[in-house]
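Here is my input; please provide its structure:
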Amino acid sequence: MDCLRSFVAVVELGNFSKAAERAGRTSPAISLQMNRLEGQIGTALFKKEGRSQVLTTTGREVLEHARAILTQNDAVLKITRSSQISGLVRMGVVQDIAESFFPTALSEFSEQFPNIRIQVLVDRSPVLVEGLKRGELDQVISYKQDTDATEIEINSPQMIWLEKAGSDISSKRPLPLVLVEGPCSFRKAALNALGQAGIPWEVTLTSPSLACVAAAAEAGLGVAVRTQEILNGRRPKLAQAKKLPVLPCHHMRIYNGANDTNLAIRKLTDFWLQQFKVS
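Numbering: from 1, shown residues only. So this is what the prediction gives:
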């Protein structure tokens, strides 16, 4: 397998020296591996053209199979190593995430790492970050909070106004609002924007439950404030209300506790970065 890996590296990097540097070997050692591989196959893999080494017809065929073999080998090793990682991660997530792709994604993670156990708490950002501070949680995905915990920005969606699809509730004055109870950064942003625009408002429903607030907005009880995520196939009875002031972006973070060197937590962090496509 090492010979095949070195062979692919020589082809991709163009010479033995660079392949040796990648593999942490010397150029003579790589040359010896290529001679051994050619001896096993029974024919030359490279031919000289000027100062360059180029693949023979057989070499091109071997390259295709070598890449496939290495891909399969690496996949098997990944599965084996993943199954050896174990541990418990106590995780907190905000309702916006919990009601979207989170359950499916968490199931996918559990398939990749069957021996890592996840315990999930769904709550508001301040509650989750406080739990992290007290050592009751190991990792939190929430909106930005003032905390000393290790953080990684994963998303910055813009807040939007939401109303019942096909209605004109956002034109009413005072503007009826259905909001998650405070402290809530969405609530604060909405009231600040309305105050600056001089738009009178009244709260017609307050609830700790995002699902309750969304249902109230769908029923036409008032205008809600969330991000575009809630409209992505989850709430077809809602639409963006565009006659109201522009709202700021909301910065989402992964916060890790003091035990963030734990391998299970690191693997979960890497998984979320892939899910949110963070480079």
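
where do the strands sit along the stretch 51-200 of the chain?
For the stretch 51-200 of the chain, strands defined by DSSP state E, counting those that start in this stretch occupy the ranges 52-55, 87-93, 116-122, 139-143, 150-155, 159-164, 175-180.

What are the buried residues along the first one?
Using 16 or more other Cβ atoms under 10 Å as the burial criterion, the residues of strand 52-55 that qualify are 53, 55. (C-beta placed from N, C-alpha, C; glycine too.)

Which elements pack onto it?
strand 46-49 (3 or more Cβ pairs under 8 Å, 6 or more residues apart in numbering; DSSP states H and E).

Of the strands of the stretch 51-200 of the chain, flag the one that's most buried.
For the strands of the stretch 51-200 of the chain, average neighbour numbers computed from mean count of other Cβ atoms under 10 Å are highest in strand 139-143, which has a mean of 25.

can I get the strands of the stretch 51-200 of the chain in CSV with mean pLDDT?
Shown next, in CSV, are the strands of the stretch 51-200 of the chain (pLDDT from 0 to 100):
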stretch, mean pLDDT
strand 52-55, 78
strand 87-93, 93
strand 116-122, 94
strand 139-143, 93
strand 150-155, 89
strand 159-164, 95
strand 175-180, 96
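
Throw those into CSV and include distance to residue 277, thanks.
Listed next are these as CSV, based on distance: least, Cβ to Cβ, whole Å:
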stretch, distance to residue 277
strand 52-55, 35
strand 87-93, 18
strand 116-122, 21
strand 139-143, 15
strand 150-155, 9
strand 159-164, 21
strand 175-180, 27
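
and residue 273, which of those strands is closest to it?
strand 150-155 (6.9 Å; Cβ to Cβ).

what's the spacing between the closest one and its chain's center?
10 Å (Cα atoms, centre = their mean, to the nearest Å).

shift numbering so it begins at 166
Okay, residue one is now 166; in that scheme the one you just asked about reads as strand 315-320.

That one pairs with which strands?
Under the criterion DSSP bridges, strand 315-320 sits next to strand 417-421 (antiparallel) in its sheet.

Give the next helix or strand downstream of the partner strand.
Sequence order places helix 428-440 as the next helix or strand after strand 417-421, per DSSP states H and E.

Show me what that next one packs onto, helices and strands only.
strand 252-258, helix 267-277, strand 281-287, strand 304-308, strand 315-320, strand 417-421.

so what's residue 400 closest to, chain neighbours aside?
residue 379 (5.8 Å; Cβ to Cβ, 6 or more residues apart in numbering).

Okay, now the unreliable bits of the protein?
Scanning the chain for pLDDT under 70 picks out the ranges 216-217, 242-248, 398, 425-426, 444.

From the geometric centre of it, which residue sits farthest away?
residue 215 (48.2 Å; Cα atoms, centre = their mean).

Next, count neighbours for the residue nearest to residue 400.
23 (other Cβ atoms under 10 Å).

Show the subsequent helix or strand relative to the helix or strand that contains it.
Per DSSP H and E, residue 379 falls inside helix 375-383. Using DSSP H and E, the helix or strand that follows helix 375-383 in sequence is strand 389-392.

can you list the residues that contact the helix holding residue 379?
260-261, 264, 327-329, 343-345, 369-370, 372, 387-389, 391, 395, 400, 402-403 (Cβ atoms under 8 Å, 6 or more residues apart in numbering).

Can you flag the buried ones in these?
Among the contacts of helix 375-383, those classed as buried by 16+ other Cβ under 10 Å are 260-261, 264, 327-329, 343-345, 370, 387-389, 391, 395, 400, 403.

how about residue 325, what does it touch?
Contact analysis of residue 325 by Cβ under 8 Å, 6+ apart lists 390, 391, 392, 393, 405, 406, 412.

Please report how far residue 308 lies from residue 323.
According to Cβ to Cβ, to the nearest Å, residue 308 and residue 323 sit 13 Å apart.

any shared contact partners between those two?
Joint contacts of residue 308 and residue 323 (Cβ under 8 Å, 6+ apart) are residue 415.

quick one: residue 194 from residue 253, how far?
44 Å.

just residue 270 next, same as before
Distance from residue 270 to residue 253, by Cβ to Cβ: 19 Å.

same check, this time on residue 177
Distance of residue 177 to residue 253, given as Cβ to Cβ: 41 Å.
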